[in-house]
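*Asks:* Sequence first, predicted coordinates after that:
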Amino acid sequence: MPASTLPRPPQPKLVAVTGVTGFVGPHLVSALARRGFRLRLLIRRWSPLPSLAGVEADMVLGDLSDEAALKRLVAGADAVVHAAGLIKARRPDDFMRVNRDGTALLSALAPDALFVLLSSLAAREPQLSPYAASKRAAEEVVSTRSGPRLTVRAPAVYGPGDRETLAYFQTVAGGLAVRPMLRDARLSLIHVADLAEAVARAVDRPPPPSIYEIDDGKPDGYTYREMAAAAAVALGRRRVRSLAVPRPVMATLARVNALNNALGGQVQILTPAKVAEIFHRDWTVHDRRLVAALDWRPGHDLASGFRETILWYRQAGWL
């Protein structure tokens, strides 16, 4: 048979990804690239992405309010992985505008593609904050899709490149572990590389449409004291003092931050609504169907995950 008549091998699936310049995004793109997908990435500004070195991808300039850019992003895509969203905002309404309305627009433009929404455990408790309400609203948008869909609720995510939890490691490095004064509180955690790998695996082998939760596999999660102890060991500190902060104290600081946000200062994540989230007792994963459906196990426990994260911080000069 002449070479020109030989059947061409099928092209790898095209995956469109949002949120690539955030904390989780680069890890997610790397995990998808390792599986051989073709990639098209939405970016808000033209800038070097050193964490994506060696990854070949088409770039689309725009954001979640730019319909023309989103059309270019999803054109011909087999799957859309929506990881973009606000975790802090100057005004409460901004959460809905980006997290709900941006999801709705993106979903509507890709009706036939597999749509994977990276959500948060906060969506379980939408009454706590505008952020939590916006994540639940985004999930509800995706749940109305007639096409293939999947929502993954992540707990607290840590790992290389994370600036939001850097402050916690900095205080522990100084000998102090701050925690909310809240009896019996527990939370689940996951290393960012494990979250990214699980999502990439779900794109490759989609489980039945549903809302799933994921964590590092630790039953019932961790107490804040357990988290502090693991951080101390990873940092090489023999002793760390645990400081329980009463809710009124944290709320006072949060009100100052909210005023700063309203007056145009640098946006702070700790607001009165965030305090309500922090003082919720149960941020542990209740549902482990996704791990079973993917036949997957995380690669990091808390000890190894914290060690790797702190090593990265030190090598990057952040810690």
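*Replies:* Good, I have the coordinates.
*Asks:* use CA for all of it now, contacts and neighbours both
*Replies:* OK.
*Asks:* quick one, strands of this structure?
*Replies:* Taking DSSP state E, the strands of the chain run over residues 14-18, 38-43, 58-61, 79-82, 114-120, 149-154, 156-158, 176-180, 186-187, 189-191, 211-213, 241-245, 282-283.
*Asks:* Contacts only, for Asn257.
*Replies:* Applying CA atoms under 8 Å, 6 or more residues apart in numbering, we find Asn257 in contact with 268, 270-271.
*Asks:* which one of those is nearest Leu182?
*Replies:* Leu270 (17.2 Å; CA to CA).
*Asks:* Surely the closest one touches Ala254?
*Replies:* Yes. Under the criterion of CA atoms under 8 Å, Leu270 makes contact with Ala254 at 5.4 Å.
*Asks:* If you rank the contacts of Asn257 by neighbours, which is first?
*Replies:* Thr271 (25 neighbours; other CA atoms under 10 Å).
*Asks:* How about that residue: what's its closest non-neighbour residue?
*Replies:* Once flanking residues are discounted, Thr271 sits nearest to Ala254: 4.2 Å by CA to CA, 6 or more residues apart in numbering.
*Asks:* burial measure for the residue lying closest to Leu109 once chain neighbours are set aside, as a count.
*Replies:* Take Leu109 and drop its neighbours on the chain: the residue closest to it by CA to CA, 6+ apart is Lys71, 6.4 Å away. If you count neighbours by other CA under 10 Å, Lys71 ends up with 16.
*Asks:* Outside of stretch 296-307 itself, list whatever touches it.
*Replies:* For stretch 296-307, using CA under 8 Å, 6+ apart, the contacting residues are 159, 189, 191, 194, 198, 216-218, 227, 230-231, 234-235, 291.
*Asks:* again, 7 Å this time
*Replies:* For stretch 296-307, contacts defined as CA atoms under 7 Å, 6 or more residues apart in numbering pick out 191, 194, 216, 230-231, 234, 291.
*Asks:* Separate out the buried members of those.
*Replies:* With burial judged by 16 or more other CA atoms under 10 Å, the buried subset of the contacts of stretch 296-307 is 191, 194, 216, 230-231, 234, 291.
*Asks:* In these, find the pair that's most separated.
*Replies:* Ala234 and Val291 (27.0 Å).
*Asks:* How about the contacts made by the residue nearest to Thr271?
*Replies:* 270-272 are the contacts of Ala254 under CA under 7 Å, 6+ apart.
*Asks:* In a markdown table: those residues, plus pLDDT.
*Replies:* A markdown table is the format used below for the contacts of Ala254 (pLDDT from 0 to 100):
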| residue | pLDDT |
| --- | --- |
| Leu270 | 91 |
| Thr271 | 93 |
| Pro272 | 94 |
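*Asks:* Go through the residues you listed and flag which are in helices.
*Replies:* Pro272 (DSSP state H).
*Asks:* For the contacts of Ala254, give me TSV that also has distance to Thr18.
*Replies:* As requested, these are exported to TSV (distance: CA to CA, whole Å):
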residue	distance to Thr18
Leu270	25
Thr271	26
Pro272	29
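*Asks:* what ranges do the helices span in this structure?
*Replies:* Listed in chain order, the helices of the chain (DSSP H) span 24-34, 67-74, 92-95, 101-109, 130-143, 166-173, 192-204, 224-235, 247-262, 272-278, 289-294, 302-316.
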